[in-house]
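**Student:** I would like to see how this sequence folds:
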Amino acid sequence: MRYTRIYADENGESHFGDVDIPLQSVAFAPPAAPLDVSAPFAAQRALLASMPVGWDGGWHPAPCRQLCFLLSGELEVEVGDGKVRKLATGDVVLLEDLSGRGHVTRVTSPQAVRCAFVQLT
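**Tutor:** Reported below is the predicted structural model:
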């Protein structure tokens, strides 16, 4: 499984990275058949959020290390090195750009973006 990582380098400049996370077949919820799962992430809390049509967050760092799961809609994210990515329903992003100017997030879909944030320890 792959997710996008947004991180800050030693100078506070944000960048994209792609992370392939290994999955292993596990008896996750017996007696259900095994399914492929990753190693666990230590989490602090989970939040649900909605960003309205046209929302633009401007430049901002992530408030904490967190996973973002896009449940509906589409976003455009720009990082400090000038690269831009489009993210859509089903995408997962690990936000780790806690220093520097961060990134810009814009809603580009004709409907609100709904997402789940899992804030990590």
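**Student:** Now do K83 against V104, distance only.
**Tutor:** As for K83, its distance to V104 is 11 Å (criterion: C-beta to C-beta, to the nearest Å). (C-beta placed from N, C-alpha, C; glycine too.)
**Student:** who has more neighbours, the two?
**Tutor:** Neighbours per residue (other C-beta atoms under 10 Å) separate K83 from V104, with V104 holding more: 17 against 12.
**Student:** Contact partners for D36?
**Tutor:** For D36, the contact set (C-beta atoms under 8 Å, 6 or more residues apart in numbering) comprises L23, Q24, S25, V26.
**Student:** So for the host helix or strand of it, mean pLDDT?
**Tutor:** Taking DSSP states H and E as the criterion, D36 maps to strand 35-37. Averaging pLDDT along strand 35-37 gives 97.
**Student:** Quick one: distance of that strand to the chain centre.
**Tutor:** Its chain's C-alpha centre and that of strand 35-37 lie 20 Å apart, by C-alpha atoms, centre = their mean, to the nearest Å.
**Student:** what's around V107, how many residues?
**Tutor:** If we define neighbours as other C-beta under 10 Å, then V107 has 20 of them.
**Student:** That should have said A27, apologies.
**Tutor:** Neighbour count for A27, taken as other C-beta under 10 Å: 10.
**Student:** cool, and V79?
**Tutor:** Neighbour tally, V79, other C-beta under 10 Å: 21.
**Student:** Mind listing the residues bridging to it?
**Tutor:** H103 (DSSP bridges).
**Student:** Report the separation between the residue of the chain positioned farthest from its centre and L23.
**Tutor:** In the chain, the residue that sits farthest from the middle, by C-alpha atoms, centre = their mean, is P31; the gap is 31.6 Å. To L23, P31 is 21 Å away according to C-beta to C-beta.
**Student:** what about the strands in this protein?
**Tutor:** Per DSSP state E, the chain carries strands over the ranges 2-8, 14-20, 24-26, 35-37, 43-51, 56-60, 66-72, 74-79, 84-88, 92-96, 103-107, 113-120.
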